[in-house]
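Asker: Fold the following for me, if possible:
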Amino acid sequence: MDLFKLENRLSKKGVFILLFCMLFFRLFRPLGFTDDVWKVFFYPTLLYLAIVVSAGFFKGNYRDYFSNPLRFVLVSIVLSSIVCMMTWGQNIFDTLLSSFSFFSFIIYFYLIKENIKLKEVENVMWWFLLIFLICFYVALAVAPFRLFLGYGEIGKELDDARGMSRIRLTFIGGGPLYLAYFLSISKFKTSSRKWKWFTIISVLFLTIVLQLGRQAILFSAVFGILLYLRGTSFAKKLLALVLVISSIYLLPILAGSVFEGLKERTEQELDSQEDGEDNVRIAAYKFYFSDVSRNILNDLFGNGFFSLGKSKYADYVDKYGRSQGLIPADVGYASIYLYYGVFGLAIFGLILIRVFRLKVYDDYYYAKYYIYFLYCGNIAGSTLLGTIPTFCIALYILSKGNLLYNFKKTNKSIRYAEN
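Answerer: Numbers count the residues shown, from 1 in each chain. Predicted structure coming up:
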């Protein structure tokens, strides 16, 4: 993690991966960096990436568990665009352009084609994390003055209803914060420098808390504890239980205004449900699962991504969904169904099953827990479609980890195994 050591500096390919990740997250949307400016940089970068991987897209360097499902994800984007044109009359090119960032799944095939070493992948993540932390804490320090539009606050003032200004540079699970958090827990378990990694874990979890996302705090804490307890002795499990119980009492004291704000927000939502109102996310699930698709084709293959102002489909979603506070990005599985139908849901289900069944050594289990975190977070967020680069990086880590596992178990010479 000593990034400035010569052996940890990024290669040109590592710099490109870091650049691509930063562009996917729109450099956290700094003021003045409009969508039109972003497209000037991101579209050519993604097209270049597509050209680089095109030759070996259908034939990888080695057999892995995620290439085929991710190919089907890309196929579903095109297929849903065709169905959208047939059922809604939205121009297929408008649909594909609106979906352009979702083609970022091809970063996985770039990682495989270039056989990026896992050490390099980790260094990319640490550099990305360093940039993220600098941007986040500078933005937090100058709040309510805004430096970044981030996500979910575009066109609004900063949300301070949760006890302090909410700075959201990416979707929950996006960027390197959460993946680095799980990696740090893994390093803590095996490293002799416990205090170093404990400090890093503490800083990262504090940052997660300061994101002010209730499900992010809950799921990162739960899966972080489960990762730490995996394979540990009873004494360590008991110690972890004591720390959790202590945290329940101490954290609200140390960050009283934050937790009080989150508590009040939760109570308001519960009160509205008791008054007979649907929770906004429950209402969004009902709407996007039952009120948009026109026929069996939409149910199976989705409606594609709407292009605002350019079709009846977009007008319908905007009028009866978005304008009513029913935001697709707030209901991840409903949005996958809306865009890609049962076919899309089945693909992501297959990926989760393969992650669960994949055999890797303990050093790579952190990537599994990050994936589990994303799938749980996707219930009330967009942690799958909104985190594509880090999602693919985690899958790649598991793929390489499985290759190493098979290599050591069978003692066969496999060209692309890590040394």
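
Asker: Excluding chain neighbours, give the residue nearest to Val203 in space.
Answerer: Spatial nearest neighbour of Val203, chain neighbours left out: Leu133 (7.9 Å); criterion: CB to CB, 6 or more residues apart in numbering. Using the backbone N, CA and C atoms, a C-beta is placed for each residue, glycine as well.

Asker: Was I right to think the one you found contacts Thr207?
Answerer: Yes: Leu133 lies in contact with Thr207 (CB atoms under 8 Å); the separation is 6.7 Å.

Asker: In the stretch 251-400 of the chain, where is pLDDT below threshold?
Answerer: Applying pLDDT under 70 to the stretch 251-400 of the chain flags residues 251-278.

Asker: What segments of it are helices?
Answerer: Counting by DSSP state H, counting those that start in this stretch, one finds helices in the stretch 251-400 of the chain at the ranges 256-274, 280-290, 296-301, 312-320, 332-357, 365-377, 388-410.

Asker: what number of residues lie near the residue lying closest to Ser382 once chain neighbours are set aside?
Answerer: Distances taken as CB to CB, 6+ apart put Ala329 closest to Ser382, at 4.1 Å, once the chain neighbours are dropped. Ala329: 16 surrounding residues under other CB atoms under 10 Å.

Asker: And Ala329, how close does it get to Phe128?
Answerer: Distance, Ala329 to Phe128, by CB to CB, to the nearest Å: 22 Å.

Asker: go on, Lys408?
Answerer: Lys408 is 29 Å from Phe128, by CB to CB.

Asker: Comparing the two, which residue is more hemmed in?
Answerer: Neighbour comparison, Lys408 and Phe128: the larger count goes to Phe128, with 23 against 11 (by other CB under 10 Å).

Asker: That one: what secondary structure?
Answerer: The three-state assignment at Phe128 reads helix, by DSSP: H, G, I helix; E, B strand; the rest coil.

Asker: quick one, what contacts it?
Answerer: Leu18, Cys21, Met22, Gly175, Pro176 (CB atoms under 8 Å, 6 or more residues apart in numbering).

Asker: Point me to the helix or strand that includes the third one.
Answerer: With secondary structure defined by DSSP states H and E, Met22 is part of helix 12-24.

Asker: quick one: whichever helix or strand comes after that helix to chain centroid distance?
Answerer: Sequence order places helix 35-54 as the next helix or strand after helix 12-24, per DSSP H and E. How far helix 35-54 lies from its chain's middle: 20 Å, per CA atoms, centre = their mean, to the nearest Å.

Asker: Make residue 1 into 606 and carry on from there
Answerer: Sounds good: first residue 606 from here, last item helix 640-659.

Asker: correct me, but Arg899 touches Met691?
Answerer: No: with contact defined as CB under 8 Å, Arg899 and Met691 do not form a contacting pair (9.8 Å).

Asker: hey, what's in contact with both of the two?
Answerer: Common neighbours of Arg899 and Met691, using CB under 8 Å, 6+ apart, do not exist here.

Asker: circling back: list the contacts for the residue nearest to Ser987?
Answerer: By CB under 8 Å, 6+ apart, Ala934 lies in contact with Tyr756, Gly757, Phe776, Ser940, Gly986, Ser987, Gly991.

Asker: Name the nearest residue to the last one, sequence neighbours excluded.
Answerer: So that's Gly991. Of all residues beyond its chain neighbours, the one nearest Gly991 is Phe776 (3.5 Å), with distances taken as CB to CB, 6+ apart.

Asker: Tally up the residues packed near that neighbour, please.
Answerer: By the measure other CB under 10 Å, the count of residues near Phe776 is 24.

Asker: For it, which three-state class applies?
Answerer: Three-state call for Phe776 (three-state DSSP): coil.

Asker: quick one: it and Tyr783 touch, right?
Answerer: No: using CB under 8 Å, Phe776 makes no contact with Tyr783, being 10.6 Å away.

Asker: Just the helices from the stretch 706-855 of the chain, written as ranges.
Answerer: Counting by DSSP H, counting those that start in this stretch, the stretch 706-855 of the chain has helices at residues 712-718, 723-747, 782-795, 799-815, 819-834, 839-859.

Asker: Which of those helices has the lowest mean pLDDT?
Answerer: With a mean of 63, helix 839-859 has the lowest mean pLDDT of the helices of the stretch 706-855 of the chain.

Asker: just to revisit the earlier point, buried sites along the helix holding Met627?
Answerer: Under the neighbour-count criterion of 16 or more other CB atoms under 10 Å, helix 617-629 has Lys618, Gly619, Phe621, Ile622, Leu623, Phe625, Cys626, Met627, Leu628, Phe629 buried.

Asker: again, but for stretch 720-738
Answerer: Within stretch 720-738, judged by 16+ other CB under 10 Å, the buried ones are 721, 723, 725-734, 736-738.

Asker: what do you get for stretch 961-973?
Answerer: Leu963, Val965, Asp968, Tyr969, Tyr970, Tyr971, Ala972, Lys973.
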